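Q: Let me see the structure of the following:
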Amino acid sequence: MIDLICRETPLNRIEASRHISLCGDLRITQVVNGTKGVHCLLDRRSLTGIPLRA
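A: Reported below is the predicted structural model:
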């Protein structure tokens, strides 16, 4: 997620991490066989006002 934000916006890694920690939503999943997953969701509207790279 950090790499995606850094690639698509002028934010650096620290700023992207800070943005995700404030606006991101983590979802934890667990499958019966013990496999666990973490999914980070970020609403694109949270990036409104940050210019996207061309």
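Q: Could I get the contacting residues of Leu26?
A: Val38, His39, Cys40, Leu41 (C-beta atoms under 8 Å, 6 or more residues apart in numbering). In short, each C-beta sits where N, CA and C put it, glycine included.
Q: What about the nearest residue to the last one once chain neighbours are set aside, how many residues nearby?
A: Sequence neighbours aside, Asp25 is the residue nearest to Leu41 in space, at 4.5 Å (criterion: C-beta to C-beta, 6 or more residues apart in numbering). When counting by other C-beta atoms under 10 Å, one arrives at 10 neighbours for Asp25.
Q: wait, Asp25 sits on Leu42?
A: Yes. Proximity of Asp25 to Leu42 meets the contact threshold set by C-beta atoms under 8 Å, at 7.4 Å.
Q: Now do the phi/psi pair for the residue nearest to Leu41.
A: Dihedral angles of Asp25 (phi, psi; degrees, to the nearest 10) stand at phi -130, psi 120.
Q: Put the alpha carbons of stretch 17-35 into PDB.
A: Taking Å, rounded to 0.1, in the frame of the first residue of the first chain, the C-alpha atoms of stretch 17-35 are listed here in PDB:
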ATOM      1  CA  SER A  17       2.600   5.500   6.100                       C
ATOM      2  CA  ARG A  18       1.200   8.200   8.300                       C
ATOM      3  CA  HIS A  19      -1.800   8.600   5.900                       C
ATOM      4  CA  ILE A  20      -2.500   4.900   5.900                       C
ATOM      5  CA  SER A  21      -2.300   4.700   9.700                       C
ATOM      6  CA  LEU A  22      -5.000   7.500   9.900                       C
ATOM      7  CA  CYS A  23      -7.200   6.500   7.000                       C
ATOM      8  CA  GLY A  24      -6.600   2.800   6.300                       C
ATOM      9  CA  ASP A  25      -8.800   0.000   7.500                       C
ATOM     10  CA  LEU A  26      -7.200  -3.400   8.300                       C
ATOM     11  CA  ARG A  27      -9.300  -6.600   8.000                       C
ATOM     12  CA  ILE A  28      -8.200  -9.800   9.500                       C
ATOM     13  CA  THR A  29      -9.300 -13.100   8.000                       C
ATOM     14  CA  GLN A  30      -8.800 -16.700   9.100                       C
ATOM     15  CA  VAL A  31      -9.400 -19.800   7.100                       C
ATOM     16  CA  VAL A  32     -10.200 -23.100   8.700                       C
ATOM     17  CA  ASN A  33      -6.800 -24.600   7.900                       C
ATOM     18  CA  GLY A  34      -5.000 -22.000  10.000                       C
ATOM     19  CA  THR A  35      -4.100 -19.600   7.100                       C
END
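Q: Before I go, just wanted to say thanks for your time.
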